[in-house]
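Asker: quick one, structure for this:
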Amino acid sequence: MSKKSLISLVLVVLMVVGILSGCGGAKKEEPDTAKTEPATTAEEQKPAETTDKEETTTTEEKKPWEGKRLGIAHITLYDEWCTEVKRQFELQGAEMGFGEINVQDGNLNAETQQKQVEDFISKKYDAIIVDPVSSEGIIPTLEAATAAGIPVFAFDSYTPYEDLVAWVAWDHAKTGEIAARWVANYAREKLGGKVKVGLLAMLNADHTRVRGERFLEVLKEELGEENIEIVFNQDFGETRESAANIVNNNIMKPIDVIWCAVDNGAMGAVSALETNGIKGTIVVSSGCNGAEPLRMIADPEAYYRMGVGAPDSPEQVVRLVLQAVADYFSGKEVEPVQYVEFFPIDSTNIDQYREYFE
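Answerer: Have a look, this model is predicted:
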């Protein structure tokens with residue numbers, strides 16, 4: 001082979017190697033270019049944004065009551081139970097996401113409460129919740145609310161208004177019945193089956209009136225009318241002072257048991273008995289709530305011996321009412337009548353509830 005031919009052969013080999021090396025390098029760069037392509041990254045981000053919007057929409061659909069304004073016409077704020085109900089409406093309402101929570105005090109006055117509901121209607125609240133002072137008298141005002149497209153809910157006191165969405169309460173007649181059976185058992189165990197009883201009734205609200213009526217009915221069924229002496233049966237109104245005055249006016253008469261529709265009456269009775277140093281009389285209530293009566297029940301020397309109720313009943317009532325409102329705005333079926341749990345609290349079970357008063 002000539003020298004020129006040899007040089008030519010070497011050059012050809014070098015060119016082939018160079019071409020093959022160049023092709024191999026190009027193939028290695030392709031995957032890197034694909035990974036960093038800007039257009040692909042932008043497209044991937046768009047579906048993520050859509051997903052976030054869909055999640056937000058789904059969350060909002062789960063809470064259609066959010067921001068709804070509630071007008072609450074409370075029967076009164078005169079005692080611990082009623083003020084705790086107000087606090088629970090404000091607390092739980094905010095936690096659930098409702099808007100304005102406007103709780104008004106009816107002051108046990110039917111006319112005052114009707115004006116409050118009329119004000120809720122004129123201000124176009126989204127729902128009205130009422131603890132009626134007058135079960136019949138409030139109906140025309142509630143009809144006006146329904147006519148304005150505002151759903152109406154009730155708690156505690158009953159109203160026969162036909163278009164009520166839901167009513168949440170204690171079974172008030174049952175509270176009188178439970179108290180009567182407790183007193184009847186006490187009379188059999190301690191008094192030979194006979195009892196001298198005084199009643200501090202509360203007649204300015206339907207739900208408390210029915211407690212006293214049922215108490216007497218069941219007590220007569222249990223012991224027989226001939227074994228019961230009614231020392232007094234008076235409407236104490238609502239204050240402790242008025243209850244104490246009634247007891248003071250009858251303090252010289254032998255009394256075994258003083259029954260009270262609510263704890264304000266019971267505390268007034270206890271005050272009068274303590275002031276006069278009376279022995280042998282006990283106090284029971286068909287409306288027990290709060291730390292004060294529970295502490296007394298825990299004290300074996302105290303006059304207050306038994307209360308019908310539940311330590312967390314205000315929380316229970318409000319929770320059921322607000323859930324009914326939420327279900328209504330969610331288009332769910334709402335149970336028209338809902339009762340909270342309650343039971344007699346006395347020396348036999350008071351230790352279970354020490355967390356509420358210690």
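
Asker: only C-alpha atoms from now on, for both contacts and neighbour counts.
Answerer: OK.

Asker: tell me where the stretch 151-300 of the chain has helices.
Answerer: All helices of the stretch 151-300 of the chain, identified by DSSP state H, counting those that start in this stretch, fall at 172-190, 206-223, 240-249, 263-276, 291-298.

Asker: okay, these in a markdown table with mean pLDDT next?
Answerer: Listed next are the helices of the stretch 151-300 of the chain as a markdown table, based on pLDDT from 0 to 100:
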| stretch | mean pLDDT |
| --- | --- |
| helix 172-190 | 97 |
| helix 206-223 | 96 |
| helix 240-249 | 98 |
| helix 263-276 | 97 |
| helix 291-298 | 96 |
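
Asker: give me the low-pLDDT residue ranges for the stretch 1-150 of the chain?
Answerer: Within the stretch 1-150 of the chain, the stretches with pLDDT under 70 are 1-62.

Asker: coming back round to it: okay, the helices of the stretch 151-300 of the chain in JSON lines with distance to residue 111 next?
Answerer: Shown next, in JSON lines, are the helices of the stretch 151-300 of the chain (distance: least, Cα to Cα, whole Å):
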{"stretch": "helix 172-190", "distance to residue 111": "24"}
{"stretch": "helix 206-223", "distance to residue 111": "16"}
{"stretch": "helix 240-249", "distance to residue 111": "23"}
{"stretch": "helix 263-276", "distance to residue 111": "24"}
{"stretch": "helix 291-298", "distance to residue 111": "32"}
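
Asker: got phi/psi on the residue nearest to the spatial centre of the chain?
Answerer: The geometric centre of the chain, computed from its C-alpha atoms, lies nearest to residue 318 (Cα atoms, centre = their mean), at 1.8 Å. Backbone geometry at residue 318, expressed as degrees, to the nearest 10, gives phi -70, psi -40.

Asker: just checking, it touches residue 88?
Answerer: Yes - with contact defined as Cα atoms under 8 Å, residue 318 reaches residue 88; the gap is 6.4 Å.

Asker: could you name every residue contacting both of those two?
Answerer: When Cα atoms under 8 Å, 6 or more residues apart in numbering defines a contact, no residue borders residue 318 and residue 88 alike.

Asker: would you map out the domains in this protein?
Answerer: Domains of the chain are assigned by automatic domain parsing as 70-164, 172-311+344-356.

Asker: which of those domains sits closest to residue 338?
Answerer: Proximity to residue 338 (Cα to Cα) singles out domain 70-164 among the domains of the chain, at 9.2 Å.

Asker: distance between the ends of that closest one?
Answerer: End-to-end span of domain 70-164 (Cα to Cα, to the nearest Å): 15 Å.

Asker: equivalent analysis for stretch 126-139, please.
Answerer: By Cα to Cα, the extent of stretch 126-139 from end to end equals 19 Å.

Asker: relative to residue 324, which of the domains of the chain is closest?
Answerer: Comparison of the domains of the chain against residue 324 by Cα to Cα identifies domain 70-164 as nearest, at 8.3 Å.

Asker: centre of the chain to the closest one, how far?
Answerer: With Cα atoms, centre = their mean, to the nearest Å as the basis, domain 70-164 stands 14 Å off its chain's centre.

Asker: what of stretch 306-316?
Answerer: 11 Å.

Asker: for it, buried residues please.
Answerer: Judged by neighbour count (16 or more other Cα atoms under 10 Å), stretch 306-316 contains these buried residues: 306, 307, 308, 309, 310, 311, 312, 313, 314, 315, 316.

Asker: helix/strand/coil for the third one?
Answerer: Local secondary structure at residue 308 is given as strand here, using DSSP: H, G, I helix; E, B strand; the rest coil.

Asker: is it true that it touches residue 290?
Answerer: No - judged on Cα under 8 Å, residue 308 makes no contact with residue 290 at a distance of 11.8 Å.

Asker: for residue 264, which non-adjacent residue is spatially closest?
Answerer: Of all residues not flanking residue 264 in the chain, residue 240 sits nearest, at 5.2 Å (Cα to Cα, 6 or more residues apart in numbering).

Asker: distance of that neighbour relative to residue 78?
Answerer: To residue 78, residue 240 is 10 Å away according to Cα to Cα.

Asker: hang on, the earlier thing: dump the helices of the stretch 151-300 of the chain to CSV, plus distance to residue 161 and mean neighbour count.
Answerer: Shown next, in CSV, are the helices of the stretch 151-300 of the chain (distance: least, Cα to Cα, whole Å; neighbours: other Cα atoms under 10 Å):
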stretch, distance to residue 161, mean neighbour count
helix 172-190, 18, 20
helix 206-223, 14, 20
helix 240-249, 32, 20
helix 263-276, 29, 22
helix 291-298, 34, 20
